[in-house]
Structure formats: structure tokens, C-alpha cells
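Q: I'll drop the sequence and a predicted model, then ask my questions.
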There are 2 protein chains.
Amino acid sequence: MSTDPRWLDEREQRAWRGLLDMHAQLSGRLRRSLQRDAGLSDADYGVLAELSEAPDERLRAFQLGRRLQWEKSRLSHHLRRMEGRGLVARQGCDTDRRGAEVVLTATGRAAIEGAAPKHVAEVRASFVDALTQEQLEQLGAIAAAVLANQACEDDECEEPLGANEE
Amino acid sequence: MSTDPRWLDEREQRAWRGLLDMHAQLSGRLRRSLQRDAGLSDADYGVLAELSEAPDERLRAFQLGRRLQWEKSRLSHHLRRMEGRGLVARQGCDTDRRGAEVVLTATGRAAIEGAAPKHVAEVRASFVDALTQEQLEQLGAIAAAVLANQACEDDECEEPLGANEE
């Protein structure tokens, strides 16, 4: 039943593989540096960064999962481990753990504040400094266009993102 | 001892967060679609895609790990599971499993050939179609610049990428 797909042409392929390879290289490098300098995984850092930027440093679990684009099982396992290390706490909603709020603890705040300066220096060295001001501008616009397209497709789709997480 | 870091300015932040958010949204969407349509995880697809593009459809394990930017333990666990499902086989080097070659099986080849048309259609709908030809060109150049910068830093660093995997 499938018609022959329109494979990516050279320019499309270069952009797409470029995005994947660039992301893989950067995230690999940042992951190694976070682990070495701060004892945090990139997953830990993602959770801590989202919480530290949220109002009152707290988010409901399903919101956190949606922002990180993690599956429920990954989120739940990871939060349990971070809770065990005292980096986050979970509050409320005993009947539905995904509805519970995830809160940054003092330990978690100290961990991200300790890691951030080195992390931002790595982002600068490996990413920002490789690009011109114009390219930074272009990439911001490219990301905005892809994300806007995504949001509009999510509105249309029958099974909206995170529908079964609420 | 740390001097105050140069935090990212607005343009830099927009590019960096844009890259992370765009990648998270796209990979989340593609992950759900691969799972639904082909029963493959994005990790499975990554391994199958690398092998299917390699000469003779085989790579040494450390090469595969380097391309995917996976840690050794993740690679080893994941290959064991894929081997159990018949998607890949490992050959040779009984004394050093990371030196072993990972080979695409007929089952693995069928899996990626079955998944690819739908996958490329998703990449087109969620990424390519959101951008102009000029933006695709720009993104290709941006990725090339970041990757070139990365390679040059890796040359300098005392612990080159993958040094302890060989």
C-alpha cells in the first residue's frame, strides 16, 4: 500500500544529518564534562535546569515529562533515582504519582548552581564560538520555525502530545 | 577559583535552547512514530541505520559507539538486546567484546527497510517542510562549522574521544 517515499535530496540530507550529528557530538561532549566536573548526568542536568527555571522551582511530573520529551517510564525511574540522591522531592497526589509535583531541593539547587558556570563555558567553547552572530540568529529562526510547525501538527493530531499523561 | 562565567546573551540563548528544544521535539515525535509503525526504538533505528550505511553492513563495536556517541555500558546493553531479537549479530574477538564486529542480520535489514519510508516521511513533515531551501542550506553549514570546531578541539584534548575504547 505504501507509495514510494520521497527520499531526502542532498541539501535536505545535509541539514538533517547535520542536525543529528551536531546534537550527538555536543550532547556527548557536554555529558562527559558534566559527569567529570559535577557528577551529574545530562538527564539529571535537564531535570534540574527545567525545575530551576520553573515558577517556585516546581513542576507537575507530566509537565516535566512533556518538556523533556521523556516517556513516562523513563521519567518515573529517573525521578526516583534523583529523589534517592536528594536532588528533587515529590509532593502530593499519592493516588497518581504523575500528577505529583516535583520540587527542586536545596541539594538540587546547589548541584545546578555548582555545575552551571562550567557547563555554560563548555556550551560557549563547543557551540557558540564556532558560529557567527548571523548563524546564531539563523539557527534561532530555524528552531522557531520547526517548533511552530510541530505545535500546529500537534493541534491537529488525534492523539495530542501527552494526552494520556494527564 | 572560578571567575564569573560569561552567561549566554539573548541571541546565543535563543540559538542554544532552540537547538535543544527542536532536537527534543523532533526526536520525541520520531521515536513515537518508529515505535508505533515499526516496533523499533530510536536507539534501535540509530544502530540499524549506521550498520546499513557501513561497508559490508558491519562496524567494530567501538566505531559504532563513537558514531552514536554512546557510553560503553549503554552500547553493550543495547547490542545484547538487539542481538537477542535477531536484529544484529556479533562476530569475532571473544576476548574483547568491544573489538568485536557488529553485523546487520537479514532480520535487521528487513526491519530498517520496512521502517525507512514512513520514517523519512515523518522527517519531511516535521522538519524539512517547516524550512525554506535557504534555511536548510544554512543549517547544513551551521552543523558543519560546529562539527569542524569539535574535531579540532578533540585533536587538542589530552583524552581524545574514544581513546579508551580501542
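A: Yep, that arrived. This is a predicted model, so every value here is computed, not measured.
Q: Can you tell me the closest non-neighbouring residue to residue A:144?
A: residue B:18 (6.5 Å; CB to CB, 6 or more residues apart in numbering or on different chains). To be clear about C-beta, it is placed using only N, CA and C from the backbone, and glycine gets the same treatment.
Q: Tell me the spacing between that neighbour and residue B:112.
A: 30 Å (CB to CB, to the nearest Å).
Q: Identify all contacting residues around stretch A:9-21.
A: With CB atoms under 8 Å, 6 or more residues apart in numbering or on different chains as the test, stretch A:9-21 has contacts from A:8, B:22-23, B:26, B:123-124, B:127-128, B:131, B:133, B:135-137, B:139-140, B:142-144, B:147.
Q: Repeat that for stretch A:137-146.
A: When contacts are defined by CB under 8 Å, 6+ apart, stretch A:137-146 is touched by residues A:131, B:11, B:14-15, B:17-19, B:21-22, B:25-26, B:126-127, B:130-131, B:135, B:138-139, B:142.
Q: Can you read off the pLDDT for the most centrally placed residue in chain A?
A: Geometric centre of chain A, nearest residue: residue A:68, 4.0 Å, by CA atoms, centre = their mean. On pLDDT, residue A:68 comes in at 87.
Q: Next, the contact list for it, please.
A: Counting by CB under 8 Å, 6+ apart, residue A:68 makes contact with A:46-47, A:50, A:75, B:24.
Q: and those residues, which of them are in helices?
A: A:46-47, A:50, A:75, B:24 (DSSP state H).
Q: So which of the residues you listed is the closest to residue B:81?
A: Comparing the ones in helices among the contacts of residue A:68 against residue B:81 with CB to CB places residue A:75 closest, at 20.9 Å.
Q: Could you report the separation of the closest one from chain B?
A: Using CB to the nearest CB, to the nearest Å, residue A:75 is found at 12 Å from chain B.
Q: How about residue A:28?
A: Residue A:28 is 3 Å from chain B, where distance means CB to the nearest CB.
Q: Within the helices and strands, which one has that residue?
A: Remark: residue A:28 resides in helix A:10-38, with elements defined by DSSP states H and E.
Q: Distance from the chain centre to stretch A:79-88, please.
A: Distance of stretch A:79-88 from the chain centroid (CA atoms, centre = their mean, to the nearest Å) equals 18 Å.
Q: how about that stretch, does it get close to chain B?
A: No. Stretch A:79-88 lies out of reach of chain B by CB under 8 Å from any CB of the partner chain, never closer than 15.5 Å.
Q: What is the end-to-end distance of that stretch?
A: 8 Å (CA to CA, to the nearest Å).
Q: what sits up against it?
A: A:44, A:47-48, A:51, A:61, A:89-90, A:102-105, A:107-108, A:111.
Q: Just the pLDDT at residue A:151, thanks.
A: Value for residue A:151, per-residue pLDDT: 76.
Q: Just to be sure, it is in a helix?
A: Yes. Counting by DSSP: H, G, I helix; E, B strand; the rest coil, residue A:151 falls inside a helix.
Q: Could you report the neighbour count for it?
A: 11 (other CB atoms under 10 Å in any protein chain shown).
Q: before we move on, what about residue A:25?
A: 21.
Q: Hmm, residue B:69 and it touching each other?
A: Yes. The pair residue A:25 / residue B:69 is scored as a contact, 6.5 Å apart, by CB atoms under 8 Å.
Q: Which parts of chain A are strands?
A: For chain A, strands defined by DSSP state E occupy the ranges A:58-60, A:88-91, A:101-104.
Q: Rounded mean pLDDT for the second one, please.
A: For strand A:88-91, mean pLDDT is 93.
Q: residue ranges with poor pLDDT in chain A?
A: Within chain A, the segments meeting pLDDT under 70 span A:1-4, A:93-99, A:152-166.
Q: rewinding a little: so the helix holding residue A:28 versus helix B:10-38, what angle?
A: Put simply, helix A:10-38 runs at 110 degrees to helix B:10-38, going by axes from the mean of the first three to the mean of the last three CA atoms, to 10 degrees.
Q: That'll do, ta.
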